[in-house]
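Visitor: need a structure here:
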Amino acid sequence: MTDPISIVVVEDDAGLREDFERMARAQPSLRWLGGAGSLAEARALVARERPAVAVIDLGLPDGDGSALIAEWSQSDPPVAALVATMFGDEAHVIRAIEAGARGYLLKDSVPEEFVRAIGLVHEGGAPLSPQIAKHLLARFVPAAAPAATPLRESDTLTSRETHILSLIARGFTVSETAEQLFISSHTAATHIKNIYGKLAVRNRMEAVNQARLRGLIR
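Guide: A predicted model of the protein is given here:
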């Protein structure tokens, strides 16, 4: 049995901090270490408790939560940051991602999404709210190639590859994809490599964008 993921929450709304605490304490996979309502409180809390994951709001009374993300992503050991905020505009999204945030959810996400997202960032995944993914795709996918070239028959994705691509689009890690399909992580990684080759892309973001352009996934 794996150890629960230790978390802290940085949120200036006391009611929301309590909601996060109830959610965390109800999940055997999570271990609640505490909450903070400001940058200063958060720094003291993390220095004392050393959590694996920090759920961070960006709008704090004494500054921008991105400052914490930048600090903790470079700490030893690093603290994985999951943004939970009401700010869905491109400026906030890009600033947080560039600071080192591993995931970005809007506060209207359901509790189950936060539980899953915490697990994903802990394993190295990158969970994103759909609106946030659109901002990133628009910024980082080259505008010069919006149209997808037809796949050659030999490059057509198999049903298994299409299924794996849909899981990638939802933020699943290689290990989670393997668990979903009852295959080894090595086999899942091989499928993903084949998908990249067929779509002529280099990473999962480009793969998801190309797949959506081709109508392979929604």
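
Visitor: which SS state does residue 78 fall under?
Guide: The three-state label given to residue 78 by DSSP: H, G, I helix; E, B strand; the rest coil is coil.

Visitor: list the buried residues in stretch 2-20.
Guide: Buried residues in stretch 2-20, counted by 16 or more other C-beta atoms under 10 Å: 5-12, 16-17, 19-20. For every residue, glycine as well, the C-beta is placed using N, CA and C.

Visitor: now, among those residues, which is nearest to residue 171?
Guide: Using C-beta to C-beta, residue 5 is the member of the buried residues of stretch 2-20 that lies nearest residue 171, at 16.2 Å.

Visitor: where does this protein have low pLDDT?
Guide: Across the chain, residues meeting the criterion (pLDDT under 70) sit at 1, 134-155.

Visitor: biggest helix in it, by residue count?
Guide: The residue-count maximum for a helix in the chain (DSSP state H) belongs to helix 185-199.

Visitor: quick one, domains of this structure?
Guide: Domain ranges of the chain: 5-139, 153-213, per automatic domain parsing.

Visitor: give me whichever of those is most buried.
Guide: Mean neighbours per residue, mean count of other C-beta atoms under 10 Å, is largest over the domains of the chain for domain 5-139, with a mean of 18.

Visitor: can you tell me what sits against the longest helix of the chain?
Guide: By C-beta atoms under 8 Å, 6 or more residues apart in numbering, the list of residues contacting helix 185-199 from outside reads 151, 155-157, 160-161, 164-165, 168, 174-175, 177-178, 181, 202-204, 206-207, 210-211.

Visitor: in helices only, show me these.
Guide: Among the contacts of helix 185-199, the ones falling in helices (DSSP H) are 160-161, 164-165, 168, 174-175, 177-178, 181, 204, 206-207, 210-211.

Visitor: for residue 9, what are its contacts?
Guide: Taking C-beta under 8 Å, 6+ apart as the contact definition, residue 9 lies against 17, 20-21, 24, 34-36, 54-56, 84.

Visitor: excluding its backbone neighbours, what's nearest residue 202?
Guide: residue 196 (6.8 Å; C-beta to C-beta, 6 or more residues apart in numbering).

Visitor: go on, residue 70?
Guide: With C-beta to C-beta, 6+ apart as the criterion, residue 70 has its nearest non-adjacent residue at 4.2 Å, and that residue is residue 99.

Visitor: where's the one you found relative to residue 171, distance?
Guide: If you measure residue 99 against residue 171 using C-beta to C-beta, to the nearest Å, the figure is 19 Å.

Visitor: mind listing the strands for this protein?
Guide: 5-10, 30-36, 53-56, 59-60, 63-64, 80-85, 103-106 (DSSP state E).

Visitor: now render those as CSV, adding distance to residue 188.
Guide: Rendered in CSV, the data for those read as follows (distance: least, C-beta to C-beta, whole Å):
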stretch, distance to residue 188
strand 5-10, 22
strand 30-36, 25
strand 53-56, 24
strand 59-60, 38
strand 63-64, 37
strand 80-85, 22
strand 103-106, 20
